[in-house]
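S.K.: kindly generate the corresponding structure for this input.
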Amino acid sequence: MTKILNIAVDAMGGEGSPKKAIDGIIHHSKSTKDVNYNIFGDVKEIKELLKDLRNNSFRIFDTKDKILDTDSPLTAARKGKNSSMWKAIESVKSKESDIIISAGNTGALFVIAKMNLEMIENIDKPALSALWPNKLGMNVVLDLGANIECSEKNLIDFAIMGSSLFKALYPKDQAKVALLNIGSEDIKGNETIKSAYKILNEKKNNEFNFAGYIEGNNIMSGDVNVIVTDGFTGNIALKTAEGTANFIMKEIKNSMTSNLYGKLLSFLNIKNLKKVKDKLDPRLYNGAILIGLNSPVVKSHGSTDYIGFSNSLKVCEKIVNGNLIEKIKNNIIIWCE
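M.R.: As a prediction, this is how the structure comes out:
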């Protein structure tokens with residue numbers, strides 16, 4: 001008998017919620033049969049939006065309070081105990097739900113999750129990870145902003161957790177780990193990254209291949225599929241990639257619609273243009289994962305639409321079905337032997 005996956009949904013977080021979250025649930029429910037949605041938010045609003053969901057795969061937990069994007073993490077932690085975000089996280093803590101997803105305040109989500117969910121043993125800091133496309137498939141990239149400063153121990157932990165996440169999502173592929181650096185030579189980088197390199201390079205393991213350093217211009221080459229960095233560098237890389245993708249898409253659209261010749265070319269190349277559009281569409285890679293806690297937490301982009309939110313729900317499915325937390329724990333044990 002197939003186990004039912006219970007996803008806790010903070011329906012009130014992010015732009016356009018709860019409609020975006022509920023439309024995302026409806027869209028996602030069409031492609032799966034084994035998911036139950038524990039939805040936290042204003043029951044009156046949510047019931048009206050759920051009238052098009054033609055099955056009983058949801059429960060609504062009425063929470064009148066919500067954490068605003070303008071709330072500081074401290075304010076959210078102090079005053080948000082009756083909010084949709086807090087209650088959704090509590091449902092994971094109590095094992096009513098397997099995983100929690102929110103498009104709400106990122107800082108508040110991290111703080112409240114850390115307050116309620118224990119760290120995995122031997123992991124010092126959680127990391128924010130995300131999926132990026134490359135020429136051959138997908139990358140797992142971490143940390144993307146949870147930790148501004150990192151030690152070599154943190155970077156090694158991120159390598160273990162990132163490779164575990166990759167294997168949970170893509171069990172048939174081998175995880176190939178690299179440290180993001182300003183050059184590929186051994187002498188490049190600060191002392192922290194060089195220390196992490198030395199340890200990762202010398203300690204052989206069967207859980208992932210260590211490929212050394214990778215530079216920013218090779219992130220999407222496909223040579224590796226797990227890229228490790230500190231949160232400061234990772235967040236800059238993320239925002240740069242998002243901005244570049246948006247710029248390219250706008251330039252393609254402008255060139256293809258500015259005159260009759262461009263419109264004719266776009267019509268003749270519509271299939272190829274769709275491939276490019278899909279490859280660069282951030283909604284299809286939506287769903288950052290906070291890893292390092294004893295229960296998984298998924299952060300949907302606050303400004304995404306229901307398609308992006310639905311894709312975050314797919315990430316939730318893959319993480320739980322891929323036994324992410326157990327993989328991390330087992331890989332830590334193997335590493336420490």
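S.K.: and the pLDDT at the closest residue to Ala108 other than its chain neighbours?
M.R.: Nearest residue to Ala108, sequence neighbours excluded (C-beta to C-beta, 6 or more residues apart in numbering): Ala76, at 3.5 Å. Where you see a C-beta, it was placed from the backbone N, CA and C, and this is true even at glycine. pLDDT recorded at Ala76 is 90.
S.K.: can you classify Ala76 as helix, strand or coil?
M.R.: Look at Ala76: counting by DSSP: H, G, I helix; E, B strand; the rest coil, its state is helix.
S.K.: got the contact list for Ser310?
M.R.: Applying C-beta atoms under 8 Å, 6 or more residues apart in numbering to Ser310 gives the contacts Gly24, Ile25, His27, His28.
S.K.: now the buried members of those residues.
M.R.: Those of the contacts of Ser310 that meet the buried threshold are Gly24, Ile25, His28, by 16 or more other C-beta atoms under 10 Å.
S.K.: that's a helix at the last one, yeah?
M.R.: Yes: using three-state DSSP, the secondary structure at His28 is a helix.
S.K.: distance of it relative to Asn311?
M.R.: Distance, His28 to Asn311, by C-beta to C-beta, to the nearest Å: 8 Å.
S.K.: and Gly14, by the same measure?
M.R.: From Gly14 over to Asn311 the distance is 14 Å, taken as C-beta to C-beta.
S.K.: also Leu155?
M.R.: From Leu155 to Asn311 the distance is 28 Å (C-beta to C-beta).
S.K.: in the protein, where is pLDDT below threshold?
M.R.: For the chain, the stretches with pLDDT under 70 are 1-2, 52-56, 261-270, 272-274, 276-280.
S.K.: nearest residue to Ile182 other than its sequence neighbours?
M.R.: Once flanking residues are discounted, Ile182 sits nearest to Lys188: 5.5 Å by C-beta to C-beta, 6+ apart.
S.K.: actually, Lys20.
M.R.: Using C-beta to C-beta, 6+ apart, the closest residue to Lys20 is Tyr306 (5.3 Å).
S.K.: the one you found is in contact with Asp23, isn't it?
M.R.: Yes: look at Tyr306 against Asp23 with C-beta atoms under 8 Å: they come within range, at 3.6 Å.
S.K.: residues of the lengthiest helix in the chain that come out buried?
M.R.: Identified as the longest helix of the chain according to DSSP state H is helix 231-257. For helix 231-257, a neighbour-count test (16+ other C-beta under 10 Å) marks Gly231, Thr233, Gly234, Asn235, Ala237, Leu238, Ala241, Ala245, Ile252, Met256 as buried.
S.K.: tell me which two of those sit farthest apart.
M.R.: Greatest spatial distance among these (C-beta to C-beta): Gly231 and Met256, at 37.4 Å.
S.K.: Val9 pairs with what?
M.R.: With DSSP bridges applied, Val9 shows beta-bridge pairing to Ile39, Ile101.
S.K.: and the residue most central in space within the chain, how far is that from Gly243?
M.R.: The residue lying closest to the centre of the chain (C-alpha atoms, centre = their mean) is Ala288, at 1.5 Å. Per C-beta to C-beta, Ala288 is found 17 Å from Gly243.
S.K.: same deal with Ser163?
M.R.: Distance, Ser163 to Gly243, by C-beta to C-beta: 28 Å.
S.K.: and what of Val315?
M.R.: Val315 sits 23 Å away from Gly243, going by C-beta to C-beta.
S.K.: so which elements touch the helix or strand hosting Lys87?
M.R.: With elements taken from DSSP states H and E, the one containing Lys87 is helix 84-93. Judged by 3 or more C-beta pairs under 8 Å, 6 or more residues apart in numbering; DSSP states H and E, helix 84-93 is in contact with strand 5-10, strand 35-41, strand 99-102, helix 106-116.
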